[in-house]
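> Need a 3D model of the following:
(2 chains)
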Number of protein chains: 2
Amino acid sequence: MEGLTKIDDLGKPRVVIVGGGFGGLELAKALADAPVQVVLIDKQNYHAFQPLLYQVATAGLDEGDIVSPFRKILNQQENFYFRLAEVTSIDPEKQVVETSIGLIRYDFLVLATGATSNYFGDAEMARNAIAIKSVEDAIELRNTVLSNFEQALQLGDYEQLNSMLDFVIVGGGPTGVEIAGALSELRTHVFPKDYREIDFKEMDIHVVQSGPVLLKGMSANASAKSLQYLKKLGVQVWLDTRVKSYDGYTVTLNNGQQLIARTLIWAAGVTGAPIAGLNADCLLAGNRYLVDGYSRVHGYENVFAIGDIALMKTDATPDGHPMVAQPALQQGDWLGRNLKRQLNGQLMEHFVYHDKGAMATIGRNHAVADVKFFGREFHLDGFIAWLAWSFIHVISLVSFRNRVAVFFSWAWNYFTQDKGLRYIIGKTKAPLVEKDMEEKAIV
Amino acid sequence: MEGLTKIDDLGKPRVVIVGGGFGGLELAKALADAPVQVVLIDKQNYHAFQPLLYQVATAGLDEGDIVSPFRKILNQQENFYFRLAEVTSIDPEKQVVETSIGLIRYDFLVLATGATSNYFGDAEMARNAIAIKSVEDAIELRNTVLSNFEQALQLGDYEQLNSMLDFVIVGGGPTGVEIAGALSELRTHVFPKDYREIDFKEMDIHVVQSGPVLLKGMSANASAKSLQYLKKLGVQVWLDTRVKSYDGYTVTLNNGQQLIARTLIWAAGVTGAPIAGLNADCLLAGNRYLVDGYSRVHGYENVFAIGDIALMKTDATPDGHPMVAQPALQQGDWLGRNLKRQLNGQLMEHFVYHDKGAMATIGRNHAVADVKFFGREFHLDGFIAWLAWSFIHVISLVSFRNRVAVFFSWAWNYFTQDKGLRYIIGKTKAPLVEKDMEEKAIV
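This is a model prediction of the structure:
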């Protein structure tokens, strides 16, 4: 075929996995002993441990601590091939995907592209907000926070100074409360020593949550405790409130209130990241692919979707599974076993989700957790939940090196009450130009 | 004065230091107990440990391991002020420096801006080569090396494939031999596992040195041993050879030979990084400020220069001090003491350089060192020199956290024979466009 990219043909069925997040990586591993060729395609050459991105953004961890190059993770797996590329479309007739490096043929295609920030069509918000979905986002946020304080030193005007010191976080889910907690730790323990010229009583952290509770989907205990912890840390929580608009300076809430902040962190909705080429009827609201109980995309025999991008409607999950790590990890592993069954002429098995619960940490020593264990649910909070959260996150990291590095960094940060990685390297969110700022300040 | 930037006036003499490299940082520390206000201005918010940049570039260390934010290093020092800014010019009449954030007044000005790569006016070279003078350079080189291999997988044409795998290093000083050694370790121990589709016998590493020996300025033993080590590692060393031109693809040597390489690493000459505004007669060849025995810039009473940017001609050093860390560190500390003497009405003392020797490492287990100790010089090489090199570099890092992190990374890399930080995050040297490549390949 014309335009095929250069890749060995092993004479075995080829499984092409698009996206190396939790689902894609787990699937690639599960196929280690299968009589197939595994081709993983990703825009990055590394797997990022998304649940800790917010710590990179707040100078608690180095990006190197939470990423692992795919080639390093899987360099012992003989049937594994990696390609650094972006997939632009799928041709299910010809069984090829079109990528930035040429066409790649598949026998089985697995879409594991995950989700991206959903700005609900608000282009101004998309331009001015910072998300925390990728390592590059997290670095940009870290650089922007630090750069704000450096700029604040030069500002005499009270409102402009405050605009640099105030942070608005949209979304009261795990990411929202975790970043609010981490920023508040920086405000208390770290920044006042660095910036003695700034009065940190002027630094405000807002969390804007559209619903009536934080951590929607977790237990009532977790919602109540997380609110209590955030308030104790001095975070202003706006429940039942939405952000109407943000021009990079003024945040307008739906209750008419205006907040002034140069940094708005978008931790609200996500949407699937689909690829062109499949029938329109398999893509549902939220840009997720409708899949059957075998994770096959509706209408296709050899195209699968797992993780955030997949919407598997079952009696237990009429709206699909939660868009978090656990369903992706479990589906990756399960699909690997199912493909092996199919290749062996055995029947495939339906996916059964094992909900292990959920947890979120809020600053130093505090977390909330709903743990599911042998069918029973336990609610933990405070220090014990924080220890559990820390332990589970360390052991869940992909490589042993990452585990040691994160453990070391956390122990260091904990005992020194410091977060040492507050350097500005790489991209910073471009501030409004001075002229814009002055005009806004007059208005 | 109009346009003055906002900064506390402590009512004490203000020492403005431009540049927080080895010299500037050491001076700021030395003034901790002086009755002055210390204002450090730097384009970055961190001090970078330059001697280990090449390890960031070759995935052995994370940038976080070798940088420390200035505010963190000095947040206990009450008279210390930091400003993130670029200094564009000096007005010695008005005693102000013009910066990207406004004018800053000084009583004493210390220029510690260091050196940048010297391409000797070759704009094409400056555009196509990669330097290793800053953290951003090192990251760009790491990303480019990794991205070359990813691209090489797609290339069928023998010459184009080879252009991705071959590296030309210009300059046989410490940086040149160290990066050649590190690349050669990657070629032997790391890349063949990652890229099984590539034949690493095709990966060539060239070092081009204008003079007859490597490590010019070190002992004959160091020069001979480093050549021997590099040859053992399979590095091709071109002595008495210069690069005439480089268009991003073809390297033309002065002996007529051509090498094909998409990556040329510039580790040849450096030049001072002066600032506009001082009399022309104080700036000598190599863009270094002529200073007297008190480090005062020629013709000025209260403008000093230290480190790479300063050229102090003494009987012992008719061409100035070597442009390395030691003179900068010693001058920073000494100038701090001298300024205190001057403020106390005491006479200042002349600078006396204590040459402690020089060292360079060449791959795993091998280094060369000329150690000066109580006036005698010892030559070390092999494993013992490598241990000494490692020990001295670890203890020389600025913060205890960096020391622990580097020690951990090195121990890990040594025992696993792996370098785990091979992810592509941030800037990559833009490759030539495909069309250019095809045209070049035809020629």
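> contacting residues around stretch A:293-307?
Stretch A:293-307 is contacted from outside by A:19, A:21-24, A:27, A:90, A:92, A:95, A:106-112, A:114, A:278-279, A:281-282, A:288-292, A:310, A:312, A:314, A:327-328, A:331-332, A:335, A:338, A:348, A:350-351, using C-beta atoms under 8 Å, 6 or more residues apart in numbering or on different chains. Yep, even glycine has a C-beta here, placed from its N, CA and C like the rest.
> Also stretch A:119-130?
With C-beta under 8 Å, 6+ apart, stretch A:119-130 has contacts from A:117, A:137, A:140-141, A:144, A:170, A:243, A:245-248, A:263-266, A:269, A:429.
> Can you list which of these are found in strands?
Mapping the contacts of stretch A:119-130 onto strands (DSSP state E) picks out A:117, A:170, A:243, A:245-246, A:263-266.
> Nearest to chain B: which residue in the stretch 251-400 of chain A?
A:S399 (7.2 Å; C-beta to the nearest C-beta).
> okay, now that residue: neighbour count?
16 (other C-beta atoms under 10 Å in any protein chain shown).
> in the stretch 1-150 of chain A, which spans are strands?
Using DSSP state E, counting those that start in this stretch, the strands assigned to the stretch 1-150 of chain A run over residues A:14-18, A:37-42, A:46-48, A:67-69, A:80-84, A:87-91, A:96-99, A:102-105, A:108-111, A:115-117, A:130-131.
> ok and the first one relative to strand A:80-84, angle-wise?
Using axes from the mean of the first three to the mean of the last three C-alpha atoms, to 10 degrees, one finds that strand A:14-18 and strand A:80-84 are set 40 degrees apart in direction.
> which ones are touching the residue of the stretch 151-300 of chain A found nearest chain B?
Using C-beta to the nearest C-beta, the single residue of the stretch 151-300 of chain A nearest to chain B is A:D194, 3.9 Å away. Shown in contact with A:D194 (C-beta under 8 Å, 6+ apart): A:149, A:422, B:69, B:71-72, B:75.
> Give me the subset of those residues lying in helices.
A:149, B:71-72 (DSSP state H).
> ok, of these, which one's closest to A:Q37?
B:K72 (48.7 Å; C-beta to C-beta).
> Contact residues of the stretch 51-200 of chain A facing chain B?
For the stretch 51-200 of chain A, the residues in contact with chain B (C-beta under 8 Å from any C-beta of the partner chain) are A:62-65, A:67-69, A:71-72, A:75-76, A:81, A:83-84, A:101-102, A:135-136, A:139, A:146-147, A:150, A:153-156, A:193-195, A:197.
> how about the CA coordinates for stretch A:223-241, as CSV?
The C-alpha trace of stretch A:223-241 is given here as CSV (Å, rounded to 0.1, in the frame of the first residue of the first chain):
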residue,chain,number,x,y,z
SER,A,223,-17.6,15.9,50.3
ALA,A,224,-18.2,17.4,53.8
LYS,A,225,-14.7,16.7,55.1
SER,A,226,-13.0,18.1,51.9
LEU,A,227,-15.0,21.3,52.3
GLN,A,228,-14.0,21.5,55.9
TYR,A,229,-10.3,21.0,55.1
LEU,A,230,-10.3,23.6,52.3
LYS,A,231,-12.0,26.1,54.5
LYS,A,232,-9.4,25.5,57.3
LEU,A,233,-6.7,26.1,54.7
GLY,A,234,-8.4,29.4,53.9
VAL,A,235,-9.6,28.5,50.5
GLN,A,236,-12.8,30.2,49.3
VAL,A,237,-15.2,27.7,48.0
TRP,A,238,-18.1,28.8,45.8
LEU,A,239,-20.7,26.0,45.7
ASP,A,240,-23.7,26.0,43.2
THR,A,241,-21.8,28.5,41.2
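> next one: it to chain centre, how far?
22 Å (C-alpha atoms, centre = their mean, to the nearest Å).
> mind listing what's buried in stretch A:313-322?
A:320-321 (16 or more other C-beta atoms under 10 Å in any protein chain shown).
> residue contacts, A:Q154?
Taking C-beta under 8 Å, 6+ apart, one finds B:5-6, B:101-102 in contact with A:Q154.
> Check the ones in strands among the contacts of stretch A:119-130 for burial and list the buried ones.
Buried by 16+ other C-beta under 10 Å: A:117, A:170, A:243, A:246, A:263-266, out of the ones in strands among the contacts of stretch A:119-130.
> Could you save the residues you listed as TSV and add columns showing pLDDT and distance to B:L10?
Formatted as TSV, those follow (pLDDT from 0 to 100; distance: C-beta to C-beta, whole Å):
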residue	pLDDT	distance to B:L10
A:S117	93	46
A:V170	98	41
A:V243	97	43
A:Y246	96	39
A:T263	96	31
A:L264	97	37
A:I265	98	36
A:W266	97	42
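> Redo these as a markdown table? Include distance to B:V406.
As requested, those are exported to a markdown table (distance: C-beta to C-beta, whole Å):
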| residue | distance to B:V406 |
| --- | --- |
| A:S117 | 36 |
| A:V170 | 39 |
| A:V243 | 43 |
| A:Y246 | 42 |
| A:T263 | 32 |
| A:L264 | 37 |
| A:I265 | 32 |
| A:W266 | 36 |
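> Tell me which two of those residues sit farthest apart.
Going by C-beta to C-beta, the pair spanning those furthest: A:S117 and A:T263, at 15.2 Å.
> For ChimeraX, write the select line for the buried members of the contacts of stretch A:293-307.
To isolate the buried ones among the contacts of stretch A:293-307 in ChimeraX, judged by 16+ other C-beta under 10 Å, type:
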select /A:19,21,22,23,24,27,90,92,95,106,108,109,110,111,112,114,278,282,288,289,290,291,292,310,312,327,328,331,332,335,338,348,351
